[in-house]
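1. got a predicted model here, sequence first, then my questions.
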Amino acid sequence: MSTITVRPLREEEIPAAVEVSCAAFGERPTQEEREIYQHSFDVERSLCAFDADTMVGTSLALSLELTLPGPGVLPVGGLTWVAVLPTQRRRGILRQLVAGQFEDMVRRGEPASALIASEGNIYSRFGYGPATSAVSFSVERAQAAFIRPVRAEGRIVLLTDEEAAAELPAIYERIRRLQPGRVTRSDRWWTEYLFDPQEQREGGGGMFHAKYATSPGVADGYVTYRFKEETLGWTSRTTLLVVELLAADPGVYSALWDYVLNTDLVHTVSFSRGRVDEPLRWLLADPRALTVSAMGDDLWIRLLDIPRALHARTYGAAGDIVFEVDDTFLAPNRTTFALRVGQAEIPDIECAVTTARAELALGTSSLAAAYLGGVSFATLAAAGLVRELRQGSVGRADAMFSAATAPYCGTIF
Ligand SMILES: CC(C)(COP(=O)(O)OP(=O)(O)OC[C@H]1O[C@@H](n2cnc3c(N)ncnc32)[C@H](O)[C@@H]1OP(=O)(O)O)[C@@H](O)C(=O)NCCC(=O)NCCS
């Protein structure tokens, strides 16, 4: 019987790790893609599985900062490159990798982990919950008149690839702090993203980037998009695929949507990973012009240090709540926490383990799902995932955890 060992990678093992990950994801990378992927691997936070000397599984943690309602920030371990060779699956290798990564994150003082999941049914058993959601939507250009004319004070400028590489990271870095659920993007992340591998193009062409500048030298947002053309006899239908649209304020947001919705030769504008509360619907004269085709999970969160994580965000209302949290992956399995949010303007928040009687009982995955206000405790209770042990506690928890805007990540890592 084989024994699996788990340990960090050595520098010279990075090419093998890329091969294992790509084989697990069913990808045959080109030489150029291999080189980019190798550049993404940071051995220090890697943990790989070996059967004797053969690598059979990979995982990597990224040191990320997550924007919280408030907005505050939380250091999180971003789990990625999780892969086990198809010949070695369902033998507990992922379980070992996740346990090892959690141990390391706790040692580094990260109160939570986050990830983007390849499939929805893998990670709740490890205590992750889908904390943000995204929707795929499209707008037919012919119906896309705005309810009010857009008055843009700035200018939209198309960027070359070199300009995009130089300018987009700084714009993102400023704006990500305004949106709960967003995470930091490293230089490595930008290199891979801007490389724009073929399989991430949704069938379209290469990316275009346009920035919005209010005054010279200051950009307040950008839109990245591509075109997808479908030939229909002697004519064709073109879709403009928005890859991402970032705006520092509502005026920039309207101006960038106005720009993409007024692009000639385009019949449909679509966005496969938009926000669930996208204001665009409210900008349109006919809100039915925006059609949602899918909704799904975006960022998954796993709380590793509940008092620290709950202390870090700000809340919609003052109040007290006592939770009993059942953790089926990490010991101790059941713990009760008291959260108190004071009335003061400056954050006056306490969260600690308590012996007080619990008012709400839930699993760690449900608490993580509700952490940023992306789902209400009432919805989770309706699904049987939260038990109200004292009447009124679900409503009280919802008033405290509610957030003005739906959390959204939008970064695939
Ligand atoms: C997902 C993957 C890493 C799982 O690895 P693995 O070593 O087979 O997982 P384990 O044997 O440790 O499974 C742990 C548990 O998760 C479950 N599980 C694992 N993968 C699952 C999947 N794809 N769907 C549903 N359940 C899954 C197992 O059944 C097991 O359940 P249990 O707790 O009830 O026993 C592997 O299937 C893989 O590489 N898939 C392709 C790449 C991928 O999707 N990676 C994840 C990126 S986010």
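-> Received, thanks. Numbers count the residues shown, from 1 in each chain.

2. the ligand contacts on the stretch 101-250 of the chain?
-> By Cβ under 6 Å from any ligand atom, the part of the stretch 101-250 of the chain that sits against the ligand consists of 117-119, 121-122, 125. Backbone N, C-alpha and C define where each C-beta goes, glycine included.

3. return the closest of those residues with respect to P407.
-> The shortest approach to P407 among those belongs to A117, at 16.0 Å (Cβ to Cβ).

4. for S254, grab the count of nearby residues.
-> Neighbour count of S254, defined by other Cβ atoms under 10 Å: 20.

5. the ligand versus that one, what's the distance?
-> 35 Å (Cβ to the nearest ligand atom, to the nearest Å).

6. closest point of the stretch 101-250 of the chain to the ligand, which residue?
-> Residue nearest to the ligand within the stretch 101-250 of the chain (Cβ to the nearest ligand atom): S118, separated by 3.4 Å.

7. the stretch 151-300 of the chain too?
-> The ligand sits closest to W300 of the stretch 151-300 of the chain, with a gap of 8.9 Å, by Cβ to the nearest ligand atom.

8. quick one: R177 is in a helix?
-> Yes. Looking at R177 with DSSP: H, G, I helix; E, B strand; the rest coil, it is inside a helix.

9. could you dump the residues of the stretch 101-250 of the chain next to the ligand to a markdown table with pLDDT, distance to L64 and secondary structure?
-> Below are those laid out as a markdown table (pLDDT from 0 to 100; distance: Cβ to Cβ, whole Å; DSSP: H, G, I helix; E, B strand; the rest coil):
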| residue | pLDDT | distance to L64 | secondary structure |
| --- | --- | --- | --- |
| A117 | 98 | 16 | coil |
| S118 | 97 | 18 | coil |
| E119 | 97 | 21 | coil |
| N121 | 97 | 24 | coil |
| I122 | 98 | 20 | coil |
| R125 | 97 | 22 | helix |
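
10. of those residues, buried ones?
-> Buried by 16 or more other Cβ atoms under 10 Å: A117, out of those.

11. quick check: the farthest pair among the residues of the stretch 101-250 of the chain next to the ligand?
-> Within these, S118 and R125 form the most distant pair, 14.9 Å apart (Cβ to Cβ).

12. start from the N-terminal end of the stretch 51-200 of the chain and give the strands.
-> 54-67, 73-84, 112-115, 129-130, 133-140, 155-159 (DSSP state E, counting those that start in this stretch).

13. and R340, what element?
-> For R340, the host element (DSSP states H and E) is strand 334-341.

14. next helix or strand past that strand?
-> For strand 334-341, the following helix or strand on the C-terminal side (DSSP H and E) is strand 349-353.

15. can you tell me the strand partners of that following strand and which way each runs?
-> In the sheet, strand 349-353 lines up against strand 334-341 (antiparallel) (DSSP bridges).

16. what comes up buried for the strand it pairs with?
-> When neighbours are counted by 16+ other Cβ under 10 Å, the buried residues of strand 334-341 are found to be 335-339, 341.

17. out of the residues you listed, who's near the ligand?
-> Checking these against the ligand by Cβ under 6 Å from any ligand atom, not one of them is in range.

18. nearest to the ligand, of these?
-> Nearest to the ligand among these: T335, at 21.2 Å, using Cβ to the nearest ligand atom.

19. tell me who's in contact with the closest one.
-> By Cβ atoms under 8 Å, 6 or more residues apart in numbering, the residues touching T335 are 306, 324-325, 327, 353.

20. out of those residues, which are inside helices?
-> I306 (DSSP state H).

21. which of the contacts of T335 sit farthest apart?
-> D327 and V353 (12.8 Å).

22. so between the two, which is more surrounded?
-> D327 (20 against 11).

23. ok, the nearest residue to that one once chain neighbours are set aside to V322 distance?
-> Of all residues not flanking D327 in the chain, T364 sits nearest, at 4.5 Å (Cβ to Cβ, 6 or more residues apart in numbering). Separation of T364 from V322 (Cβ to Cβ, to the nearest Å): 16 Å.

24. neighbour count: these two, which is higher?
-> Neighbours per residue, other Cβ under 10 Å: of T364 and V322, the larger number sits with T364, 24 against 20.

25. list the contacts for the more buried one?
-> Here T364 is in contact with 127, 129, 302-303, 306, 325-330 (Cβ under 8 Å, 6+ apart).

26. buried ones among these?
-> The neighbour count (16+ other Cβ under 10 Å) marks 127, 129, 302-303, 306, 325, 327, 329 as buried among these.

27. ok, back up a step: the residue of the stretch 151-300 of the chain closest to the ligand - how many residues pack around it?
-> 26.

28. heads up, I number from 20, so please use that
-> With 20 as the first residue, the last one maps to W319.

29. ok, it touching G139?
-> No. W319 is not in contact with G139 according to Cβ atoms under 8 Å; the separation is 9.2 Å.

30. do I have it right that S291 meets E221?
-> Yes. Taking contacts as Cβ under 8 Å, S291 lies within contact range of E221: 6.4 Å.

31. list the residues that contact both of those two?
-> Listed contacts common to S291 and E221 are L260; contacts here mean Cβ under 8 Å, 6+ apart.

32. more neighbours: the two, which one.
-> Neighbours per residue (other Cβ under 10 Å) separate S291 from E221, with S291 holding more: 16 against 12.

33. and the more buried one, what does it touch?
-> Contacts for S291 (Cβ under 8 Å, 6+ apart) come out as 155, 221, 260.

34. below-threshold pLDDT in the chain: ranges please.
-> Applying pLDDT under 70 to the chain flags residues 20-21, 364.

35. 80 instead, please
-> Applying pLDDT under 80 to the chain flags the ranges 20-21, 90, 234-236, 363-366.

36. quick one, helices of it?
-> Going by DSSP H, the chain shows helices at 33-43, 50-59, 112-126, 180-194, 206-214, 269-280, 299-302, 325-331, 383-389, 396-401, 412-420.

37. how is the protein divided into domains?
-> Domain segmentation of the chain under automatic domain parsing yields 23-129, 154-315, 324-420.

38. save those domains as a markdown table, and put in distance to T430 too.
-> Shown next, in a markdown table, are the domains of the chain (distance: least, Cβ to Cβ, whole Å):
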| stretch | distance to T430 |
| --- | --- |
| domain 23-129 | 9 |
| domain 154-315 | 5 |
| domain 324-420 | 15 |
